[in-house]
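Participant: Sequence plus predicted model, see below.
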Amino acid sequence: MIITSSARFLLITHLSGSPLQPTTHLRERLNSILDHELKADCQLLFCNVEQTELGWLIQSSQTYRVLDACLCWLSQPDNLMLGATGLCLERFELFEQYEKRGLDAAWQGCRNLVEKMYLLLLARS
């Protein structure tokens, strides 16, 4: 689990090609493309030296399925937005983050149900 309260998804992008732009400008351009296409707030989390693998934190109200479809569209070989950067999105990995509050609430619900069932069993005995 990612230790942040503002990110809902983690995206790892695997890129190929030779960038046509300087490194800092390239990261900013990729961030802009992801923000626009995913309709989200994307923040670069990490980047390897070759700039072929980048990790992004994504805050979005979109569902996993919608984000996945947008990323599939971006990974098409004929995608002009990414092609303009000199790169191609070879593959990506998208992970959804679960907030602790949501899991705690689910656990409390299960616990309450088990307690009620136990009390019913005791009442029947």
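Facilitator: Yep, it's here. Residues are numbered from 1 along each chain as shown.

Participant: so the closest residue to residue 56 other than its chain neighbours is in which element?
Facilitator: Once flanking residues are discounted, residue 56 sits nearest to residue 11: 4.4 Å by CB to CB, 6 or more residues apart in numbering. Yep, even glycine has a C-beta here, placed from its N, CA and C like the rest. In this structure, residue 11 sits in strand 9-17 according to DSSP states H and E.

Participant: Pairing partners for that strand, with directions?
Facilitator: Strand pairing for strand 9-17, determined by DSSP bridges: strand 53-59 (antiparallel), strand 87-96 (antiparallel).

Participant: Give me the contacts around the next helix or strand after it.
Facilitator: Tracing the chain past strand 9-17, the next element assigned as helix or strand by DSSP H and E is helix 23-38. Applying CB atoms under 8 Å, 6 or more residues apart in numbering, the set of residues contacting helix 23-38 from outside is 11, 13, 19, 21, 40-44, 47, 51, 54, 56, 58, 60, 62, 67, 70-71, 73-74, 81-82, 85, 87.

Participant: Can you select the buried ones among these for me in PyMOL?
Facilitator: Here is the PyMOL command that selects the buried residues among the contacts of helix 23-38 (16 or more other CB atoms under 10 Å):
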select buried, resi 11+13+19+40+42+43+47+54+56+58+60+62+67+70+71+74+81+82+85+87
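
Participant: Show me the shaky parts of this structure.
Facilitator: Filtered on pLDDT under 70, the chain yields the residue ranges 1-7, 98-118, 125.

Participant: just to revisit the earlier point, determine the angle, from 0 to 180 degrees, between the strand holding residue 11 and helix 23-38.
Facilitator: Between the axes of strand 9-17 and helix 23-38, defined by axes from the mean of the first three to the mean of the last three CA atoms, to 10 degrees, the angle is 120 degrees.

Participant: now residue 51, what's its secondary structure?
Facilitator: coil (DSSP: H, G, I helix; E, B strand; the rest coil).
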